[in-house]
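Q: Fold the following for me, if possible:
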Amino acid sequence: MEQAQTTSEPMGRSFGTSDTSLWGRLKAPMGRKALLGLSFVMASSAALADEGAADYRYHTMEAIGGHLSAVVDILQGKVAHQAHLAPHANAIAEMAAISDTLFPEGSIGGNAKAAIWEQPEAFAERMAAFQDAAPAFRDAVVGGGDIGPAFQTLGQACKGCHDDFKDE
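A: The predicted structure is shown next:
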């Protein structure tokens, strides 16, 4: 009875080297092409991830802006939806809580200025002001207090960041 010939090559294929480790296969001529292709895919993926982060940030900040615009419409009496203030205030506070995660290193794009990453301390201060003002506004709305000062503080927090860190 003949014994089956064993080979250390995957599926009996030769990669031009007797080293069948991953590194050995990548060093071989076909492996180099695969490595080059993998490098291209990884670089493209990183660029797409940065673009994805910028797009996600844009959509999230637009959602916050939409809620703020709706609040302005209610406060100015353009619509009679006083009962909708609380859901909008809650949404703004919830989105503010995650807003500092929307600016990862390397996600330059959209209407975010490079100053965000060039002046991280100043940006963090402005972000913290927004993250403090949003729940304070929500608390004023939900608690039935005077929402005017809380809304003004929230608007100033938004403007303070946009003035230096957002391309209009």
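Q: show me what contacts F137?
A: A89, I92, A93, I147, A150, F151, T153, L154 (Cβ atoms under 8 Å, 6 or more residues apart in numbering). Placement of C-beta: from N, CA and C, glycine included.
Q: thought the fifth one was touching P135?
A: No: when contacts are counted by Cβ atoms under 8 Å, A150 is not listed as touching P135 (9.7 Å).
Q: show me where the protein has helices.
A: Secondary structure of the chain (DSSP state H): helices at 22-27, 29-75, 85-98, 115-118, 120-143, 147-165.
Q: gap between the most centrally placed residue in the chain and R138?
A: Computing the C-alpha centroid of the chain and ranking residues by Cα atoms, centre = their mean puts L102 first, at 3.5 Å. From L102 over to R138 the distance is 19 Å, taken as Cβ to Cβ, to the nearest Å.
Q: Could I get the buried residue list for stretch 134-149?
A: By 16 or more other Cβ atoms under 10 Å, the buried positions in stretch 134-149 come out as A134, P135, A136, F137, R138, A140, V141, I147.
Q: Just to check, the last one is in contact with V141?
A: Okay, so that is I147. Yes: contact criterion Cβ under 8 Å: I147 and V141 qualify, at 5.4 Å.
Q: Which residues are in contact with each of the two?
A: Taking Cβ under 8 Å, 6+ apart as the contact rule, I147 and V141 both touch L85.
Q: I'd like the contacts of F137 as CSV, with pLDDT and distance to A63 appended.
A: Output for those, formatted as CSV (pLDDT from 0 to 100; distance: Cβ to Cβ, whole Å):
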residue, pLDDT, distance to A63
A89, 98, 14
I92, 98, 9
A93, 98, 13
I147, 95, 21
A150, 97, 20
F151, 96, 18
T153, 97, 20
L154, 97, 15
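Q: Not counting sequence-adjacent ones, nearest residue to D167?
A: Leaving aside its sequence neighbours, D167 sits nearest to N111 (Cβ to Cβ, 6 or more residues apart in numbering; 4.4 Å).
Q: residues contacting that neighbour?
A: Here N111 is in contact with Y58, K166, D167, E168 (criterion: Cβ under 8 Å, 6+ apart).
Q: what residues are up against G52?
A: With the criterion set at Cβ under 8 Å, 6+ apart, G52 makes contact with nothing.
Q: re earlier: I figured the residue nearest to the centre of the chain was touching Y58, is that so?
A: No: taking Cβ under 8 Å as the definition, L102 is not a contact partner of Y58, at 9.1 Å.
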